[in-house]
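Q: have a look; sequence and predicted model below, questions after that.
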Amino acid sequence: MHKLRWELECQLQRDAGLSFIEYHALARLSENPGHTMRMSELAEVANASLSRLSHLVKRLERRNLVRREPDPNDGRYTDAILTRAGLRLLTASAPAHAAKVRELVIDALSPAELRQLRRASERILHRIETSDR
């Protein structure tokens, strides 16, 4: 699994100048209304500490891909907002990324094997989420 992640990381870096987690953060923002998400929620879905996400968003801000603003509903929180430039980069990089995932994973497995992989992954994720930390 580490080699798969590394191959995807290399593809994203080469084709879009993005790390895997940067791409993931942009993709998650693109799925939300207004392309906006609280930093704390984005950290959770990106599986990153708030500190790590803050550094990541700072890098994306320097590239004008994301901006941060106080949450208008609760100033104690900060929102991450996908910019137009961020959405353009994500949209431009998604086809090559999807093609690489298809090449390395989807095309390598039969439909039955994909279903087995999904079931196994769901069981593993359930154990992770319910384990004592």
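A: Looks like it came in fine. Numbers count the residues shown, from 1 in each chain.
Q: spatially central residue for this structure, please.
A: residue 24 (1.3 Å; CA atoms, centre = their mean).
Q: quick one, phi psi at that one?
A: Residue 24 adopts backbone torsions of phi -60, psi -40, taken as degrees, to the nearest 10.
Q: I'd like the distance from the helix or strand hosting residue 79 to the chain centre, please.
A: Assigned by DSSP states H and E, residue 79 belongs to strand 78-82. Distance of strand 78-82 from its chain centroid, counting by CA atoms, centre = their mean, to the nearest Å, is 14 Å.
Q: which SSE is immediately downstream of it?
A: According to DSSP H and E, the helix or strand after strand 78-82 is helix 84-101.
Q: and the strand holding residue 79 with helix 84-101, angle?
A: Counting by axes from the mean of the first three to the mean of the last three CA atoms, to 10 degrees, strand 78-82 points 70 degrees away from the direction of helix 84-101.
Q: strand 78-82 packs against which elements?
A: helix 20-31, strand 36-38, helix 39-45, strand 66-70 (3 or more CB pairs under 8 Å, 6 or more residues apart in numbering; DSSP states H and E). In short, each C-beta sits where N, CA and C put it, glycine included.
Q: quick one: strands adjacent to it?
A: strand 36-38 (antiparallel), strand 66-70 (antiparallel) (DSSP bridges).
Q: what number of residues lie near residue 42?
A: 24 (other CB atoms under 10 Å).
Q: not counting its neighbours along the chain, what's nearest it?
A: Leaving out its chain neighbours, the residue that sits closest to residue 42 by CB to CB, 6 or more residues apart in numbering is residue 80, at 5.3 Å.
Q: kindly export the helix ranked longest in the chain (C-alpha atoms) in CSV.
A: In the chain, with assignment by DSSP state H, the single longest helix is helix 111-130. Extracted as CSV, the C-alpha positions of helix 111-130 are listed here (Å, rounded to 0.1, in the frame of the first residue of the first chain):
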residue,chain,number,x,y,z
PRO,A,111,-15.1,-6.9,-10.5
ALA,A,112,-15.3,-9.7,-7.9
GLU,A,113,-11.8,-8.8,-6.6
LEU,A,114,-12.8,-5.1,-6.4
ARG,A,115,-15.8,-6.1,-4.3
GLN,A,116,-13.6,-8.2,-2.1
LEU,A,117,-11.1,-5.3,-1.7
ARG,A,118,-14.0,-3.0,-0.7
ARG,A,119,-15.4,-5.4,1.9
ALA,A,120,-11.9,-6.0,3.3
SER,A,121,-11.1,-2.3,3.4
GLU,A,122,-14.4,-1.5,5.1
ARG,A,123,-13.7,-4.2,7.8
ILE,A,124,-10.2,-2.8,8.4
LEU,A,125,-11.5,0.8,8.6
HIS,A,126,-14.2,-0.2,11.0
ARG,A,127,-11.5,-1.8,13.3
ILE,A,128,-9.4,1.3,13.1
GLU,A,129,-12.3,3.6,13.9
THR,A,130,-13.5,1.4,16.9
